[in-house]
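Asks: Got a sequence here, can you model it:
(one chain, ligands or ions: 2)
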Amino acid sequence: MTVSANLRKLIDAAAPYWAGEAEVFRTYWDWKARSRETDRLWLARQCSKEVWGSGLAPLDKGIFLGPAEELVAAFPRIDLGLDRHAVLDIAEGLRAEFAHYCAFADAHDALALPGEPKLNPHAVKTGWPEDLALSELRFAHKKENPKLGERATRFTEGGYCTLFSEGMALKRRRSGPHARANALIAQACAQVYEDEFGHMLKGIVGLDAEGLTAAEWKTLERMALEQLRGRIKMRNAQFGGPLAGQALTRALDGRCPPLSFDYRKAGTRLAA
Ligand SMILES: [Fe+2]
Ligand SMILES: [Fe+2]
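Replies: Ligands and ions are numbered 1, 2, ... in the order given. A predicted model of the protein is given here:
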């Protein structure tokens with residue numbers, strides 16, 4: 001994967017914040033406050049993100065209804081002014097995000113006690129304050145500068161998939177009080193990881209071709225880092241606040257040892 005010096009700088013700036021987000025999950029897995037209930041809560045909140053989109057789409061439509069309506073509107077124009085591959089992209093995005101919803105909802109429901117209701121998209125429509133704050137920040141950036149705000153939103157989508165990679169790693173933890181939950185979470189995360197790595201790459205691809213000016217790169221970096229800080233707060237609240245005190249400050253200040261961006265994997269995926 002060939003990247004410009006500007007893009008590499010953006011990735012380097014993001015890397016400690018991606019690591020900060022990963023720190024939330026790593027701390028949570030062994031947290032003494034973790035329980036079946038807290039697992040069900042974060043899984044339900046993840047389902048909310050997979051349907052309603054945290055600022056990736058208008059709040060009332062989310063990432064199911066938004067693309068579904070786009071597809072209906074696109075049908076009369078396919079190959080009559082609207083490229084078929086652009087339409088396929090929308091359909092694939094809808095399929096992927098709904099598959100993610102299903103994966104996490106299945107894990108959530110599998111952890112239910114008899115009589116506890118199954119999850120549904122409408123029950124999780126209202127997110128939590130920190131997730132709403134992230135959506136609002138993304139909308140504000142898109143309002144301030146539609147092109148760069150959209151780019152920053154796509155660049156920060158999924159937070160380098162650390163929830164999914166850290167969740168997949170739970171596969172190895174087959175004993176202890178959370179063994180069954182760990183297996184369910186690992187399975188759900190494995191179903192999502194490759195898709196989300198691709199979504200993140202989509203946010204990166206074409207950035208170099210945009211021909212951004214030095215000032216635009218600076219604005220993009222500022223927006224991306226603000227969103228990544230918002231993501232850490234969103235994740236920490238999603239999981240009930242496992243990071244606190246100095247550990248949280250360190251993550252929000254971008255002082256975690258940076259995660260290393262896998263340029264090889266990115267290149268292989270892009271070439272495929
Ligand atoms: Fe997703
Ligand atoms: Fe996604």
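
Asks: And for this protein, the residue most distant from the center?
Replies: Using C-alpha atoms, centre = their mean, the residue of the chain lying farthest from its centre is L80. It sits 33.6 Å away.

Asks: Can you classify that residue as helix, strand or coil?
Replies: Counting by DSSP: H, G, I helix; E, B strand; the rest coil, the backbone at L80 sits in coil.

Asks: For the most centrally placed residue in the chain, give me its contacts.
Replies: The centroid of the chain falls nearest to G158 when counting by C-alpha atoms, centre = their mean (2.2 Å). Residues in contact with G158 (C-beta atoms under 8 Å, 6 or more residues apart in numbering) are F164, E196, F197, H199, M200. To be clear about C-beta, it is placed using only N, CA and C from the backbone, and glycine gets the same treatment.

Asks: if we go to 7 Å?
Replies: The contact partners of G158, by C-beta atoms under 7 Å, 6 or more residues apart in numbering, come to E196, H199, M200.

Asks: For the residue farthest from the centre of the chain, give me the pLDDT.
Replies: At L80, the model reports a pLDDT of 97.

Asks: What separation is there between it and ligand 1?
Replies: 31 Å (C-beta to the ion, to the nearest Å).

Asks: and L134, what does it touch?
Replies: Counting by C-beta under 7 Å, 6+ apart, L134 makes contact with S54, G55, Q227, G230, R231, M234.

Asks: give me the element it is part of.
Replies: L134 belongs to helix 129-144 when elements are defined using DSSP states H and E.

Asks: ok, F261 - contacts?
Replies: Residues near F261 by C-beta under 7 Å, 6+ apart: I11, A15.

Asks: which SS class is it?
Replies: F261 - assigned by three-state DSSP - is coil.

Asks: Report how many residues lie close to the closest residue to ligand 1 within the stretch 151-272 of the chain.
Replies: Residue nearest to ligand 1 within the stretch 151-272 of the chain (C-beta to the ion): E196, separated by 5.6 Å. The number of residues packed around E196, counting by other C-beta atoms under 10 Å, is 22.

Asks: same check, this time on A110
Replies: Using other C-beta under 10 Å, A110 is surrounded by 15 other residues.

Asks: ok, the closest residue to it other than its chain neighbours - contacts?
Replies: Closest residue in space to A110, ignoring its immediate chain neighbours: L184 at 5.3 Å, by C-beta to C-beta, 6 or more residues apart in numbering. L184 sits next to A107, A110, L111 when contact means C-beta under 7 Å, 6+ apart.

Asks: in the helix or strand harbouring the first one, what's buried?
Replies: The secondary structure element spanning A107 is helix 84-110 (assigned by DSSP H and E). Neighbour-count burial for helix 84-110, with 16 or more other C-beta atoms under 10 Å as criterion, is recorded at 87, 90, 93-94, 96-98, 100-101, 103-109.

Asks: just stretch 221-238 next, same as before
Replies: Applying 16+ other C-beta under 10 Å to stretch 221-238 flags 221, 223-238 as buried.

Asks: For A73, see how far away the residue farthest from the centre of the chain is.
Replies: Per C-beta to C-beta, to the nearest Å, L80 is found 13 Å from A73.
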